[in-house]
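Student: For reference, the sequence and a predicted model appear below.
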Amino acid sequence: MNMQPDTPGVDDPGPGRRIGIDVGTVRIGVASSDRGAVLATPVETVARVTGFKDRDGEDIERLLEIIREYEAVEVVVGLPRNLDGNGSTSVKHAKEIAFRIRRRSDVPVRMADERLTTVAATQSLRASGVTERAGRAVIDQAAAVEILQSWLDGRNNYLKEK
């Protein structure tokens, strides 16, 4: 299942907050940017309840609420891919959540390359002294921050070149 990620800055909606989402099978990490779309910060971890065949559950409702609350102009969902660039079963989960948000929101939803973001997030939390167990709740937020920050940096580089 090969799916190419979107390119930051292409079809850019302009200034405004972005929401970054790290989709897991148990938790969904959420991050947001400032209005200038420069810096990503953690928002919260949402418990994952909606399965593939389910109606939208509380997790989808909460994500839509966050998108509205933050007046997001763009949503960036991490597209997990292994190192050779191919998708895994996690890709299906990310695409499913992206599809459900797209279906119920007017905000553009982008898929961002998420390779190694959870690894990077885990390492930076460990370096700051957060234990693995204590870190589980924040690791998904940290991964969402990594996904979104990488997108924001790519976007700003793209816009500078144009």
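Tutor: Received, thanks. If you're wondering where the values come from, they're calculated on a predicted model, not measured in any experiment.

Student: For this structure, give me the ranges with low pLDDT.
Tutor: 1-2, 81-88, 115-122, 125, 131-135, 137 (pLDDT under 70).

Student: which residues of it fall in helices?
Tutor: 58-69, 89-104, 117-127, 132-161 (DSSP state H).

Student: neighbouring contacts of the first one?
Tutor: What that stands for is helix 58-69. 19, 21, 28, 30, 32, 43-44, 46-50, 72, 75, 97, 100-101, 104-105, 107 (CB atoms under 8 Å, 6 or more residues apart in numbering). No exception for glycine: its C-beta is placed from N, CA and C like everyone else's.

Student: Can I get it in CSV, CA atoms only?
Tutor: Extracted C-alpha coordinates of helix 58-69, given in CSV (Å, rounded to 0.1, in the frame of the first residue of the first chain):
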residue,chain,number,x,y,z
GLU,A,58,-15.8,10.5,20.9
ASP,A,59,-12.3,10.6,19.5
ILE,A,60,-13.4,12.0,16.1
GLU,A,61,-15.8,14.4,17.8
ARG,A,62,-13.0,15.7,20.0
LEU,A,63,-10.6,16.1,17.1
LEU,A,64,-13.3,18.1,15.2
GLU,A,65,-13.8,20.2,18.4
ILE,A,66,-10.1,21.0,18.6
ILE,A,67,-10.0,21.9,14.9
ARG,A,68,-12.9,24.4,15.5
GLU,A,69,-11.6,25.7,18.9
